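Peer 1: Sequence and predicted structure are below.
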Amino acid sequence: MEHIVIWNPTAGKENAAKKLLPLLIHAFAGRQIPVKLLETKHAGHAMELAQQAAQQGESVRLYACGGDGTLNEVLHGAYPYPNASVACVPCGSGNDFLRNFGTQQEFLQFDDMILGDAIPIDLIQVNQNQIAASICSAGLDAKVAYGIPKFRHLPLCGGTMAYELSILQCLFQPMGNQLTLTVDGIRQIQGNYLLACIGNGQYYGGGYRGAPMAALDDGVLELILVRKVSRVKVASLLSKYKRGAHFQNGQVVPSLQKYMIHLSFKELIIDSPRPFIYTVDGECGPATHLELKVLPQAARFLLPKTVHQRYWSHSQAGHSFAPAT
């Protein structure tokens, strides 16, 4: 098996990838395992490198050394190839995807990572040219993500703090989008909505648990649709939304059902007469039309040995997987 590290030298604050890379190399050397290092040079390069490595046909493990954006690119390049599995070496400011399985510290135990095993996970296909591992969303939360980069340059402003500051900025701007959503080609929903969150994973935005009902291996996606509300109400809703407290016992909590809609689906179309901001695992842009569908068990994601054992014990017992906290 070939081991390839695809690393983003600009990931996180203070070039976190550069600091972790020697530790990762040392772990491979300690087990006398050859490893190849590939540095990304531009946006989209990690996807190109992953695809090139997977196309060789040999069994390969690709270690995405960066943030959620780097991981997204590596998964995008590797997922069509069953010979390739992808691991996450968290160096970003959010590292939201791995929260679905465990803590950041667990994924930084490199000996454990090298001994780990891959599991099949679902992905979200967005239109014809994008892939999301965890979240695709449209509306307020996407606008927040769109505004985060300018705050990350401030001193002591990590992922969660940058997210909070961007929220404050968005609260002083027009909110709400007129959306038409077509669910699985049958049900149609129309209205003025604050946000539409489509979850394959549970977390985004530096730890916001927007889709607490989501599972990465169940073959369906989760939609949380939030109606337009007053700015005063937004603060209260976001407090619950951040903690995942808007969902309980398989449904939106009764006190929030007049504000939120939850649906499970396999295909979704979102249309709007005016452009809205959407985000795919943190990468943002404008749109008036989105087509989303689940790609069941499309990718192979490597879990550290101890995390894999925990995942496997939950699966064997017939329980949904709950990450350690």
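Peer 2: Everything's here; your move. Numbers count the residues shown, from 1 in each chain.

Peer 1: Under the pLDDT cut-off, which ranges of this protein? List them.
Peer 2: Within the chain, the ranges that satisfy pLDDT under 70 run 12-16, 152, 155-160, 163, 314-325.

Peer 1: Geometric centre of it: which residue is closest?
Peer 2: The chain has residue 134 as the residue nearest its centroid, 3.0 Å off, counting by Cα atoms, centre = their mean.

Peer 1: do you know how far it is from residue 124?
Peer 2: Going from residue 134 to residue 124 by Cβ to Cβ, to the nearest Å gives 8 Å. Any C-beta I mention is one placed from the backbone N, CA and C, and that applies to glycine too.

Peer 1: Return every residue with contacts to both of these two.
Peer 2: residue 200 (Cβ atoms under 8 Å, 6 or more residues apart in numbering).

Peer 1: follow-up on the earlier one: which residue packs closest to the residue nearest to the centre of the chain, ignoring adjacent ones?
Peer 2: Ranked by Cβ to Cβ, 6 or more residues apart in numbering and with sequence neighbours excluded, the top spatial neighbour of residue 134 is residue 201, at 3.5 Å.

Peer 1: contacting residues for residue 24?
Peer 2: Applying Cβ under 8 Å, 6+ apart to residue 24 gives the contacts 5, 35, 63, 65, 89, 110.

Peer 1: my bad, should have said residue 4
Peer 2: Each residue near residue 4 by Cβ under 8 Å, 6+ apart is listed here: 35, 36, 37, 38, 49, 53, 60, 61, 62, 63.

Peer 1: Need the buried ones from the residues you listed selected in PyMOL.
Peer 2: One line in PyMOL is enough to select the buried ones among the contacts of residue 4; burial here means 16 or more other Cβ atoms under 10 Å:
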select buried, resi 35+38+49+53+60+61+62+63
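
Peer 1: any idea which of the contacts of residue 4 is the one closest to residue 188?
Peer 2: Closest approach to residue 188 among these (Cβ to Cβ): residue 62, at 40.1 Å.

Peer 1: After the strand or helix carrying the closest one, which helix or strand is next?
Peer 2: Secondary structure assigned from DSSP states H and E places residue 62 in strand 60-66. Sequence order places helix 68-78 as the next helix or strand after strand 60-66, per DSSP H and E.

Peer 1: what helices or strands is that following helix leaning on?
Peer 2: strand 2-7, helix 45-54, strand 60-66, strand 84-90, strand 130-132, strand 283-303 (3 or more Cβ pairs under 8 Å, 6 or more residues apart in numbering; DSSP states H and E).

Peer 1: so which of those gets nearest residue 151?
Peer 2: Residue 151 lies closest to strand 283-303 among those, at 14.0 Å (Cβ to Cβ).

Peer 1: so what does the closest one touch, helix or strand wise?
Peer 2: If contacts are counted by 3+ Cβ pairs under 8 Å, 6+ apart, strand 283-303 sits against helix 68-78, strand 84-90, strand 117-126, strand 135-139, helix 140-152, strand 267-280.

Peer 1: Serialize these to JSON lines and add fields for distance to residue 248.
Peer 2: Listed next are the helices and strands packed on strand 283-303 as JSON lines, based on distance: least, Cβ to Cβ, whole Å:
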{"stretch": "helix 68-78", "distance to residue 248": "27"}
{"stretch": "strand 84-90", "distance to residue 248": "29"}
{"stretch": "strand 117-126", "distance to residue 248": "23"}
{"stretch": "strand 135-139", "distance to residue 248": "20"}
{"stretch": "helix 140-152", "distance to residue 248": "20"}
{"stretch": "strand 267-280", "distance to residue 248": "24"}
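
Peer 1: Columns mean neighbour count on top of those, output as CSV?
Peer 2: Compiled in CSV, those are given as follows (neighbours: other Cβ atoms under 10 Å):
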stretch, mean neighbour count
helix 68-78, 27
strand 84-90, 27
strand 117-126, 20
strand 135-139, 27
helix 140-152, 22
strand 267-280, 19
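
Peer 1: Mind checking those for the one nearest to residue 293?
Peer 2: strand 267-280 (4.4 Å).
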